[in-house]
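> pasting the structure only:
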């Protein structure tokens, strides 16, 4: 009887990953391309303000780690919205805990200006309001940096999913946006 359990275990281990539909996100596709090679052809547009430039730099590190493409095929435009609010309060009604919400709305377009993919990414971080003003500003900037890096990771993953699904090729073949 032990051999039948062993046989079932071997079959499940051998066929389980093959039958689940798992495909590596950044691995090779059936057409020989990969999401990583497609993302290497994305030019990231300028994002206003200091936090926008930090997000752009984080995106450059994640989406095009070998440098900006000389001949880009796609353009990524990102809009950033930040809000800070108090979420924990002391007895004297001053905030002791801050909550920062950062939302990025992005659009991937081809060079003709056709929108190929639109998405949003959200990140929420918290930080302590300290007594001295400099301490609170430093804590808020650290929370902002963490949120922006989280957004860059999320945007990279969404672009990887888009390129891995082959939607780009279907849209090009059909001539549709």
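Here it is on my side, so go on. Note that this is a predicted model, so its numbers are computed, not measured.
> could you use CA atoms for every contact and neighbour count after this?
Will do.
> so where's the longest helix in the protein?
Longest helix of the chain, by residue count under DSSP state H: helix 133-165.
> what comes up buried for it?
136, 139-140, 143-145, 147-160, 162-164 (16 or more other CA atoms under 10 Å).
> count the neighbours of residue 83 for me.
A count of nearby residues for residue 83, using other CA atoms under 10 Å, gives 10.
> that one sits in which helix or strand?
strand 74-89 (DSSP states H and E).
> output the contacting helices and strands for that strand.
strand 42-44, strand 95-110 (3 or more CA pairs under 8 Å, 6 or more residues apart in numbering; DSSP states H and E).
> least confident of those strands, on average?
Note on the helices and strands packed on strand 74-89: lowest mean pLDDT is at strand 95-110, with a mean of 87.
> now do the buried residues in it.
Quick answer for strand 95-110 (16+ other CA under 10 Å): 95-104, 106-110.
> from these, which is closest to residue 35?
residue 108 (14.1 Å; CA to CA).
> just give the nearest non-adjacent residue to that closest one, would you?
Among residues not flanking residue 108 along the chain, residue 76 sits closest, at 4.6 Å (CA to CA, 6 or more residues apart in numbering).
> for the one you found, give me its contacts.
42, 43, 44, 45, 106, 107, 108, 109 (CA atoms under 8 Å, 6 or more residues apart in numbering).
> swap the cut-off to 10 Å and go again
Residue 76 sits next to 42-46, 106-110, 115, 117-118, 159 when contact means CA atoms under 10 Å, 6 or more residues apart in numbering.
> out of the helices and strands packed on strand 74-89, which is closest to residue 125?
strand 95-110 (5.3 Å).
> which neighbours does the closest one have in its sheet, and in what orientation?
With DSSP bridges as the test, strand 95-110 is paired with strand 74-89 (antiparallel), strand 115-128 (antiparallel).
> sweet, I'm off.
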